[in-house]
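# give me coordinates for this.
(one chain, ligands or ions: 2)
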Amino acid sequence: MKLAVWYEFGKPAVIEDVNIDPTGPGKVKLKIMATAICGSDIHSVKGEHGECKMPILAGHEIAAIVDEVGEGVSYVKPGDHVVASLVKAGCGQCRHCITGHPHLCPKGRQEFKLPGCYTLKDGTRPTATGGPLVGFAEYTLAPEECLIKIPEDMPFDVASLLGCGVISGFGAVTNAAQVKPFESVLVMGTGGVGLNAIQAARFVGAHPIIAVDTFDNKLKAAYDFGATHTINVKTEADLIAKVMEITEGEGVDYTFVTVAGIEAKRQAFSMLAMNGKQVIIGHGVGEMLSDFDAVEFVGGKTMTGSAMGRARTRVDIPNIIKLYKAGRYKLDELISNRYPLEKINEAMEETEKGGALRNVIMF
Ligand SMILES: [Zn+2]
Ligand SMILES: [Zn+2]
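Numbering: from 1, shown residues only. Ligands and ions are numbered 1, 2, ... in the order given. Below is the predicted model:
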C-alpha cells in the first residue's frame, strides 16, 4: 500500500510502498477514501510542532470505509462508513463523559499514542505527527474511539472535513462559547475553521457576525457563509474603530481568533464588549500572552481556549450531517480542490499559499 513520508522537515513528501501491521485489539483498519489537508499538517511537516523523530507521517482529517476490526471492537463493523477524529469519543463512564465533556476524558488522553504501524522497505517504522491518526495513506489503523459512523450516502470528500476543521469552528461557537441569539460575534481568520465558526454563529442566531481576514477571497467566502460584515485588515486603517462603529460603540460579545500571533489576540481582546469572551483557537509555537492589564478583566471580560471545538464527536458530527443534508450547513463550498495522493506536495503548497479553503486528497 502507498503512503506519503516526510524524511526531512520542510522538504517535499515521498510516496512509498509500505506494509501495514495487522489490526490489533481496539484498533480498526480503515480503507481511506478522502483526507483533507489541515493547517496543522503543514506546521507538522515543517517541524513547527516541536520535537518529532523523522521520518514522519501526517494527515488526520479522514473519511474511510472500515476494512477490518480488531479484537474487542464493537462500535463499527467492516463496510461501515466513518469519519476519524483526533478527538476521542470518551469512555462514557467518567465524570467528564457523563456530564457531556468527553473531550476531557482521561482514558482518551492516556491512549493518545503515535501509531508507528507501518514498515518502510528499510525496516524503519515512521511516527505520526498528528497523534493516533495517519491520513495520507491508502490504509491506516485507528483507535475505535477516534471513529464516528456516518450515513452511506454522505460523500467522502466533504465528510473528511468534519473530524477537525468543521468541528473546531462549529464547536467553538456551540460548545465552548455557547453563543445565543442576538449576541455579536467576530471571527478573526476565515479559513476552514473560521468559516465554520461563522456558519455556526449564523445557525445559533448571532448578530452581527463580523469576519476579519487579509484575503479578499476568504472574506467573500465568509460573507457567503453568514458573515454580516467583512473587514480586510490590510486595507482597513483602524480595525478596532471599525468594529466599534459596527457595534454602535459596544464592542462584540465574542471574538474567535483562529490565527496565530499575539497582535491578533491583543486586538481582538480590545474589541470585546464589557462582558465579552475571547475564544482562542489558533496559536503559534511558544506564543506567550503577556501585558494584559488586570483592569481589562475586572469589568467581566474573559478569555478561554477551544481545542477541536470541545467536540462531542458522536453527537456533533451526526448533527452537522443532518444540517448539511437539509441544506442548512455548507460543506461542499469548503473544498477548493481535490488531488490524488501523488500530488500531495502540490496540494500542500497551494494550501500554504492561503488561496485555498480546504484541499482534499482523494483515494
Ligand atoms: Zn486538522
Ligand atoms: Zn470518560
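
# check which residues of stretch 305-314 are buried.
Neighbour counts over stretch 305-314 (16 or more other Cβ atoms under 10 Å) mark Ser306, Ala307, Met308, Gly309, Arg310, Ala311, Arg312, Thr313, Arg314 as buried. Backbone N, C-alpha and C define where each C-beta goes, glycine included.

# hmm, I was thinking of stretch 93-100
In stretch 93-100, counting by 16+ other Cβ under 10 Å, buried: Cys94, His96, Cys97.

# considering only those, which also neighbour ligand 2?
Contacts with ligand 2 are made by Cys94, Cys97 out of these, judged by Cβ under 5 Å from the ion.

# so of the buried residues of stretch 93-100, which ones are in helices?
His96, Cys97 (DSSP state H).

# want to throw the buried residues of stretch 93-100 into CSV with distance to Lys29 and pLDDT?
As requested, these are exported to CSV (distance: Cβ to Cβ, whole Å; pLDDT from 0 to 100):
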residue, distance to Lys29, pLDDT
Cys94, 28, 93
His96, 29, 92
Cys97, 26, 91
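
# out of the buried residues of stretch 93-100, who's nearest His81?
Nearest to His81 among these, counting by Cβ to Cβ, is Cys97 at 24.7 Å.

# and the closest one, how far is that from Val243?
For Cys97, the distance to Val243 (Cβ to Cβ, to the nearest Å) stands at 38 Å.

# got the residues of this structure near ligand 2?
For the chain, the residues in contact with ligand 2 (Cβ under 5 Å from the ion) are Gly90, Cys91, Cys94, Cys97, Cys105.

# max pairwise distance over those residues: which two?
Gly90 and Cys94, at 7.5 Å, using Cβ to Cβ across the residues of the chain next to ligand 2.

# need the residues touching each of these two.
Cys105, Lys107 (Cβ atoms under 8 Å, 6 or more residues apart in numbering).

# all helices of this protein, in order?
39-45, 95-98, 106-110, 156-159, 167-171, 192-204, 216-225, 239-246, 262-270, 294-298, 313-325, 344-353.

# weakest of those helices in terms of mean pLDDT?
Among the helices of the chain, helix 106-110 has the lowest mean pLDDT, at a mean of 66.

# skipping its backbone neighbours, what lies nearest whichever residue of the stretch 101-250 of the chain sits closest to ligand 1 in space?
Of all residues in the stretch 101-250 of the chain, Cys164 sits closest to ligand 1, at 3.1 Å by Cβ to the ion. Closest residue to Cys164 apart from its sequence neighbours, by Cβ to Cβ, 6 or more residues apart in numbering: Glu61 at 4.6 Å.

# ok, that neighbour - contacts?
Going by Cβ under 8 Å, 6+ apart, Glu61 touches Thr35, Ala36, Ile37, Cys38, Gly135, Ser160, Leu161, Gly163, Cys164, Gly165.

# what's around the fifth one, how many residues?
Yep, that's Gly135 we're talking about. Gly135: 32 surrounding residues under other Cβ atoms under 10 Å.

# which residues touch it?
Gly135 neighbours (Cβ under 8 Å, 6+ apart): Ile32, Thr35, Ala58, Gly59, His60, Glu61, Ile62, Ala84, Ile361.

# from Leu3, how far off is it?
10 Å.

# tell me the contacts of the closest residue to Ile231 other than its chain neighbours?
The shortest distance from Ile231 to any non-neighbouring residue, by Cβ to Cβ, 6+ apart, is to Val212 (5.0 Å). Neighbouring residues of Val212 by Cβ under 8 Å, 6+ apart: Leu186, Val187, Met188, Gly189, Thr190, Thr230, Ile231, Val233, Leu239.

# and the residues you listed as a markdown table, adding neighbour count?
Output for the contacts of Val212, formatted as a markdown table (neighbours: other Cβ atoms under 10 Å):
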| residue | neighbour count |
| --- | --- |
| Leu186 | 31 |
| Val187 | 35 |
| Met188 | 27 |
| Gly189 | 27 |
| Thr190 | 30 |
| Thr230 | 20 |
| Ile231 | 20 |
| Val233 | 14 |
| Leu239 | 19 |
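
# most widely separated two among these?
Thr190 and Leu239 (14.3 Å).

# which residues does the spatially closest residue to Asp332 that is not a sequence neighbour contact?
Take Asp332 and drop its neighbours on the chain: the residue closest to it by Cβ to Cβ, 6+ apart is Val158, 5.9 Å away. Val158 makes contact with Tyr324, Leu331, Asp332, Leu334, Ile335 under the criterion Cβ under 8 Å, 6+ apart.

# burial count for the third one?
Residues lying near Asp332 (other Cβ under 10 Å) number 10.

# so which residues on this protein come close to ligand 1?
Within the chain, the positions adjacent to ligand 1 are Cys38, Cys164 by Cβ under 5 Å from the ion.
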